[in-house]
Structures are given as structure tokens and as C-alpha cells.
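**Q** predicted structure and sequence below. I'll ask about it afterward.
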Amino acid sequence: QVQLVESGGGLVQPGGSLRLSCAASGSFFRINSMGWYRQAPGKQRELVATITRGGSTNYADSVKGRFTISRDNAKSTVFLQMNSLNSEDTAVYYCNAYIVVPSYATDMDYWGKGTLVTVSS
């Protein structure tokens, strides 16, 4: 059974920084693409950033230049460094990963339970 567990959320003032982490655990062969999504109150879940196993990245326009996604394949972990935070970044942030598990020919889509980021003075 594969699990994704996020950490690092919390309350931060406008202009501040936070670093989110998400670690995968359980029985699997390989993690392909990993990413972060967020859902603000009353809004749909949206893409924040993704990163391939080889390190290619993709960002939402709203976070380009402020957020950086990275990963440690040896530790099955993905990170999101968030700088210059503003109130519009307030949301629950979810980790996502496509993971190759035993008994399946292709990778499977997994989600963490989310971590709350609140940007407020």
C-alpha cells in the first residue's frame, strides 16, 4: 500500500516563505512524475507545479519565479519551496505522484491528504 504524506504547511505572513515536503512510502518499483496541487476555499483544485523523474519542471503562471519544485529520488520525496507568499496562495496543498506498483503494468495516480498553507498578517 502506497502512501503520500505532506508536511511543512502552516501560517506565514505575506512576503514570507515555506517549504513543503511529501514523502512516498510503501511497496512500489518507481515514482514517475510528482507534483503539487492546491485548493483554495470555494475554488477548484489547481496545478501548482510538476516535476518528472528526470527533473523537468512545469509551473502554473501564478507561481512562476516564486515557487520551486524539486525531488530526491533516493528518498522518494518531492519538495515545494514557496517564496514571496501572498494571500492568494492560501490553500490546502496536495502532493501527487504517478507510481509504478506491483501487479500493475502502468503507473498509478496517488494523492496525499493535504497540508494547509495560510498566508495572513
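**A** Cool, the structure landed. Small disclaimer: the values here were computed from a predicted structure and weren't measured.

**Q** check what pLDDT the spatially most central residue of the chain gets.
**A** What sits nearest the mean C-alpha location of the chain, by CA atoms, centre = their mean, is W36, with 2.7 Å. Listed pLDDT for W36 reads 98.

**Q** roughly how far apart are it and M108?
**A** When distance is defined by CB to CB, to the nearest Å, W36 is 18 Å away from M108. Where you see a C-beta, it was placed from the backbone N, CA and C, and this is true even at glycine.

**Q** tell me which stretches of the protein form strands.
**A** Ranges of strands in the chain, per DSSP state E, are 3-7, 10-12, 18-25, 30-39, 46-51, 57-59, 67-72, 77-82, 91-100, 108-111, 115-119.

**Q** ok, L80 - contacts?
**A** Residues in contact with L80 (CB atoms under 8 Å, 6 or more residues apart in numbering) are R19, L20, W36, V48, A49, F67, T68, I69, Y93.

**Q** now it, nearest residue through space, not along the chain?
**A** Of all residues not flanking L80 in the chain, L20 sits nearest, at 4.2 Å (CB to CB, 6 or more residues apart in numbering).

**Q** among the contacts of L80, which one has the most neighbours?
**A** The residue in the contacts of L80 with the most neighbours, by other CB atoms under 10 Å, is W36 (27 neighbours).

**Q** next, find the distance separating it from W111.
**A** Using CB to CB, W36 is found at 11 Å from W111.

**Q** name the residues contacting each of those two.
**A** With CB under 8 Å, 6+ apart, W36 and W111 have common neighbours Y94, C95, N96.

**Q** format those residues as TSV; extra columns: neighbour count.
**A** Formatted as TSV, the shared contacts of W36 and W111 follow (neighbours: other CB atoms under 10 Å):
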residue	neighbour count
Y94	20
C95	26
N96	20
